[in-house]
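In: Test case, fold it:
(chains A and B)
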Number of protein chains: 2
Amino acid sequence: MRVPPLVIRHAPVLNLHYCQQVSEGISLEELQLAARNHALPLEALRWDITPVGLHYLLTHYDIPDVDPVAWRLEIDGLVQSPLSASLAEIRARPAVEVAVTMECAGNGRIHIEPRVVSQPWLLEAVGTARWRGTPVTGLLEDAGVADGATDALFTGLDRGVEGGEEQDYARSVPLTELLQGDAILAYEVNGIPLPPQHGYPLRLIVPGWYGMTSVKWLARITLLDAPHDGYQMRHSYRLRQEEDETGDPLARIQLRSLMIPPGIPEYMTRARTVRAGACELEGRAWAGDAEIVGVDVSADGGESWAAAKLGDDSLGRWAWRSWRFAWSAEPGEYELCCRARDSEGRRQPLEPTWNLGGYGNNAVQRIRATVVSEP
Amino acid sequence: MRVPPLVIRHAPVLNLHYCQQVSEGISLEELQLAARNHALPLEALRWDITPVGLHYLLTHYDIPDVDPVAWRLEIDGLVQSPLSASLAEIRARPAVEVAVTMECAGNGRIHIEPRVVSQPWLLEAVGTARWRGTPVTGLLEDAGVADGATDALFTGLDRGVEGGEEQDYARSVPLTELLQGDAILAYEVNGIPLPPQHGYPLRLIVPGWYGMTSVKWLARITLLDAPHDGYQMRHSYRLRQEEDETGDPLARIQLRSLMIPPGIPEYMTRARTVRAGACELEGRAWAGDAEIVGVDVSADGGESWAAAKLGDDSLGRWAWRSWRFAWSAEPGEYELCCRARDSEGRRQPLEPTWNLGGYGNNAVQRIRATVVSEP
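Out: Numbers count the residues shown, from 1 in each chain, chains lettered A, B, ... in the order given. As a prediction, this is how the structure comes out:
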C-alpha cells in the first residue's frame, strides 16, 4: 500500500492553507481532517445538551496526553502577582456551570464557492454542553491586573506546525470581554471530568464566541498590553479577501439555525424519505451576540416562509433555542429550509459570501426531501 | 446557498453503493459520511481503553431516539417460549464486562485502488471499550432454542434506505458462534450507560467480529433456520469481485497494527516533524481470530524490519495489544511502517487487495516523518 501524495489537487498555492481547488473533488488532505474532526450528526440536534461524543470537535494538532498531577496553570505577564495553581486548587475555587452553544468559525466552509481548502465542514460543526468551572474574572482578580494590560493570552499544550510556523496553540481575548463576560476555566462537561479531546484537565470557555477562542489543554494565561500576534490571531481566523489584507478578527458566533432532517435517510446520499401526513419539523437556532427572536421555515427552497414556534430559553442566554414547525407533508419533492432572525433585526443570508479562510458562512440550510404516501 | 447535487462524480453506476470514481477527488456524498462517522484520532491509540467520544462510530441511518421506559427486547422465532424483557429486567440478569477491540470492516477503504465509494475510512475505524452487559447465551437458554434453529437475527431500531430497500438495520449471527463465544447484550460502555450513538439502551457485542455484527439500538432477536437474507447479509459486508457473485461474508477481524504518529503534525497535511534522538514508537495490534505474536517496525518503507516489544495481554483475548519500539531517529526523511504477526503464521500484507465493497484492507500503515536536529 502506497499512501497517495499528501499535497494534491491544489491550484497554485497561495500559502499553506488557503488555495482554491482545480478539481471539484475533495482532497485526501481534507478527508484526513474530516476523519479527525468530528461533526454533530444533525439528528443529535434533538437533545438540549449534546451527549458527550456527539459535540463537534476540531483539534488543530494532536490531542495531548496530560498528567493531571504534574499539570499546573501559570498566570503571568502584566499581573501584580504571578500565580501557579494545581488542578485541585482550581477545582476548590468558586464554581459555576453554564450551557454554551459552541460553533466552529469554519462551519459551512464546504458550501462556499470557489472552494476554500481547510477542515471541510458541511453545517454540523456545533454542539451545546454544560461546562463547569471557575470564572476567569476571579483568577485575574487574584493575580491582579497590572496597569496597561489589555488582553489575556491563553496558551494550550497542543503543539504543531501551521503556516510554516511551529507553535503551541494560543489565542488572546480582550480583557474587557473577560472581565464583563461569563468566561470560565472548565474542568467538567455534562457532569463528567473533561474527556481528553475536550481539553483535559482544563480549558477556556468564552460563551458566544466561535470555538477557536476557547483554548483547550490550557497551560498558561499571560496578560499583554496588546492582542497576541501569533499565527492563530494574525493569520487564521480573520475575515479577508486577500492574503496581504489585515482583515477583521472573527469573534462572536453569527446567527444560524439548523433543522433535524425529517423522515429516514438513504445510507450513501443521505437523501430523505418522509411519510405523507403531519410531520413536525424541528431544530435549533443560536447567535453569539444577540437573542433569537424567530425562525422561519420554507418547504419550497425559500420561495415562501412561515414562522416556526420557538421553544423556551431555559438553557440560558448562551445556548441554542429549540424551534418546531407543524408541516403538512403531501407527496412530492421538497427543499426544506430554516432561517433565524435575531434581536438586532438580522436574518440569515440565503447565499454564502466568499472570504479567504472560508469563515462565518451562516447561509440557510437546505434539505431535499421526498414525501411519499404510505405504501 | 445552493447545495451541490448529491450524486456526483460517479462513473457509470453499478448499483447504489459500489462504483469507481472517474475523478481522484472525494465526492460530497463521501464527505457527508465522513462528517457523520467518527474515526479514532491515531494519537488516541495511546489509551488502553478508548475514551468515550474517540471510539470509531459508523451509523448507517440516523441515531434513533429511544424511550428507555417504553423500550423492550423481544426474543422470538424458533424458540420454545418467546420472551419480552424491559431494560430493568436485562440489567438484573448476570452481568459481565469485557474489553473489546472493534473495527469497521471497511477500515482502510480509501487506500484501495481503483477507489470504492462508500464511507471513506482511512485507517482509524477502530477503538477499544469495556462493554458491560448480560451474556447472550443465558437469554437464549431462557427462551429455549427450538429444533432446527441455526442463526439469530438481531434487529435494530435504526431505519433507512440502502440499495433501494427500506429496512431496519438487521444482521444474523450463527448460533454456534453465540453459544460458544463471549457475545453480550451491553448496556454500559466504559462504566457509563451507553451514549445514544453507541446503541442506547442495549446493543449486541460480538467480540472479535467486525463492527457491523454488533447491532446497536437492539429491539428484537429472532431465531431462524438459516442465515438472514436481508440487505446487510446478502449484499453488504461480503468479499467479492463482481456484483453477481455470492462471495464470502465478512466475519472476524483481520490482523492489523497501527502506530501513533510520532512527533508533531502540520495542521493541514498531518505531515510529522520529529526531533532527532531517542524516539519511542508505539501503537497497538489486534486480530479477531488469532493471537498477536509479534509486531515488526520499519523506518524505510518496508525495506528492512525489526521486532517491536509487545505489551502484556492484561486487557484479555478480545482487545488489542500494545507495542513499543526504541527508534534512534537521525535527521532525514522516513517512511515508518508497522506489521503484525499472528499465532496462525500470518503477517499483514504490504499492499491492499481490491474487492467490490472495499472491505478488509489490512495492509500496513505508512507514516512519513521528517527528523530534524534540535534548533
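
In: For A:Asp258, name its beta-bridge partners.
Out: Not Asp; residue A:258 is Leu. The residues paired with A:Leu258 through beta bridges, assigned by DSSP bridges, are A:Arg284.

In: List the contacts of stretch A:341-354.
Out: Taking contacts as Cβ atoms under 8 Å, 6 or more residues apart in numbering or on different chains, the residues outside stretch A:341-354 that touch it are A:108, A:111-114, A:116, A:241, A:255-257, A:287, A:289-296, A:302, A:339-340, A:361-364, B:1-2. Every residue, glycine included, has its C-beta placed from N, CA and C.

In: care to break chain A down by domain?
Out: Per the record, chain A has its domains at A:28-249, A:256-372, by automatic domain parsing.

In: Would you mind measuring the gap between the ends of the longest one?
Out: I take that to be domain A:28-249. Between the opening and closing residues of domain A:28-249 there is a gap of 29 Å (Cα to Cα, to the nearest Å).

In: Ok, stretch A:270-287 next?
Out: Distance between the two ends of stretch A:270-287: 27 Å, counting by Cα to Cα.

In: what's the answer for stretch A:231-242, then?
Out: The separation between the terminal residues of stretch A:231-242, taken as Cα to Cα, is 16 Å.

In: what's the answer for stretch A:90-107, then?
Out: 32 Å.

In: can you give me the offset of it from its chain's centre?
Out: Taking the mean of its C-alpha atoms, stretch A:90-107 sits 12 Å from the chain's own mean (Cα atoms, centre = their mean, to the nearest Å).

In: if we can go back for a sec, rebuild the domains of chain A as a markdown table, extending it with distance to B:Thr213, mean pLDDT and mean neighbour count.
Out: Compiled in a markdown table, those are given as follows (distance: least, Cβ to Cβ, whole Å; pLDDT from 0 to 100; neighbours: other Cβ atoms under 10 Å in any protein chain shown):
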| stretch | distance to B:Thr213 | mean pLDDT | mean neighbour count |
| --- | --- | --- | --- |
| domain A:28-249 | 21 | 97 | 20 |
| domain A:256-372 | 17 | 97 | 19 |
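
In: got these as TSV, with distance to B:Pro195 columns?
Out: Output for the domains of chain A, formatted as TSV (distance: least, Cβ to Cβ, whole Å):
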stretch	distance to B:Pro195
domain A:28-249	5
domain A:256-372	18
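
In: which stretch among those domains comes nearest B:Ile75?
Out: When those are ranked by distance to B:Ile75, counting by Cβ to Cβ, first place goes to domain A:256-372 at 25.7 Å.

In: now the strands for the stretch 201-350 of chain A?
Out: Using DSSP state E, counting those that start in this stretch, the strands of the stretch 201-350 of chain A run over residues A:203-205, A:218-224, A:238-239, A:248-249, A:256-259, A:264-265, A:272-275, A:277-286, A:292-298, A:306-307, A:309-310, A:321-329, A:332-342.

In: could you check the angle strand A:277-286 makes with the longest one?
Out: With axes from the mean of the first three to the mean of the last three Cα atoms, to 10 degrees as the criterion, the two stretches strand A:332-342 and strand A:277-286 enclose an angle of 30 degrees.

In: for chain B, what are the nearby residues on the stretch 101-250 of chain A?
Out: Taking Cβ under 8 Å from any Cβ of the partner chain as the measure of proximity, the stretch 101-250 of chain A contacts chain B at A:108, A:110-111, A:117-118, A:120-122, A:124, A:159-162, A:166, A:192, A:195-198.

In: Taking chain A, what residue is nearest to chain B?
Out: Of chain A, the residue with the smallest distance to chain B, taken as Cβ to the nearest Cβ, is A:Gly25 at 0.9 Å.

In: What sits closest to that residue if chain neighbours are left out?
Out: Of all residues beyond its chain neighbours, the one nearest A:Gly25 is B:Gly25 (0.9 Å), with distances taken as Cβ to Cβ, 6 or more residues apart in numbering or on different chains.

In: before we move on, what about A:Arg238?
Out: Nearest to A:Arg238 is A:Gly247, by Cβ to Cβ, 6+ apart, at 3.9 Å.

In: so the one you found makes contact with A:Ser236?
Out: No - shown here, A:Gly247 and A:Ser236 do not form a contact pair, counting by Cβ atoms under 8 Å, at 10.8 Å.

In: mind listing what the spatially most central residue of chain A touches?
Out: Residue closest to the mean C-alpha point of chain A, counted by Cα atoms, centre = their mean, is A:Glu103 at 1.9 Å. With contact set as Cβ under 8 Å, 6+ apart, A:Glu103 has these partners: A:56, A:125-126, A:210-211, A:253, A:256, A:286.

In: wait, doesn't A:Pro249 sit right on A:Arg238?
Out: Yes - the pair A:Pro249 and A:Arg238 qualifies as a contact (Cβ under 8 Å) at a distance of 5.6 Å.

In: Need the phi and psi values for the nearest residue to A:Ile260 once chain neighbours are set aside.
Out: Taking Cβ to Cβ, 6+ apart, and ignoring the residues beside it in sequence, A:Ile260 has A:Leu45 as its nearest neighbour in space, at 5.0 Å. For A:Leu45, the backbone dihedrals (degrees, to the nearest 10) come out as phi -60, psi -10.

In: which residues touch A:Leu45?
Out: For A:Leu45, the residues meeting the contact criterion (Cβ under 8 Å, 6+ apart) are A:258-260, A:282-284.

In: Next, format these as CSV and append distance to A:Ala170.
Out: As requested, the contacts of A:Leu45 are exported to CSV (distance: Cβ to Cβ, whole Å):
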residue, distance to A:Ala170
A:Leu258, 31
A:Met259, 36
A:Ile260, 36
A:Glu282, 39
A:Gly283, 35
A:Arg284, 31
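
In: if we can go back for a sec, so the residue nearest to A:Gly25 sits against A:Ser27, correct?
Out: Yes - counting by Cβ under 8 Å, B:Gly25 sits close enough to A:Ser27 to count as a contact (6.7 Å).

In: hmm, back to that, adding distance to B:Gly181, write the strands of the stretch 201-350 of chain A out as a markdown table.
Out: Conversion of the strands of the stretch 201-350 of chain A to a markdown table gives the following (distance: least, Cβ to Cβ, whole Å):
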| stretch | distance to B:Gly181 |
| --- | --- |
| strand A:203-205 | 42 |
| strand A:218-224 | 45 |
| strand A:238-239 | 56 |
| strand A:248-249 | 57 |
| strand A:256-259 | 42 |
| strand A:264-265 | 32 |
| strand A:272-275 | 37 |
| strand A:277-286 | 42 |
| strand A:292-298 | 50 |
| strand A:306-307 | 55 |
| strand A:309-310 | 51 |
| strand A:321-329 | 44 |
| strand A:332-342 | 45 |
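
In: Compare those strands and report which one is nearest to A:Leu179.
Out: Closest among these, once you apply Cβ to Cβ, is strand A:218-224, at 11.6 Å.

In: Give the pairing partners of the closest one; include direction for each.
Out: According to DSSP bridges, strand A:218-224 has these partners: strand A:73-77 (parallel), strand A:151-162 (antiparallel).
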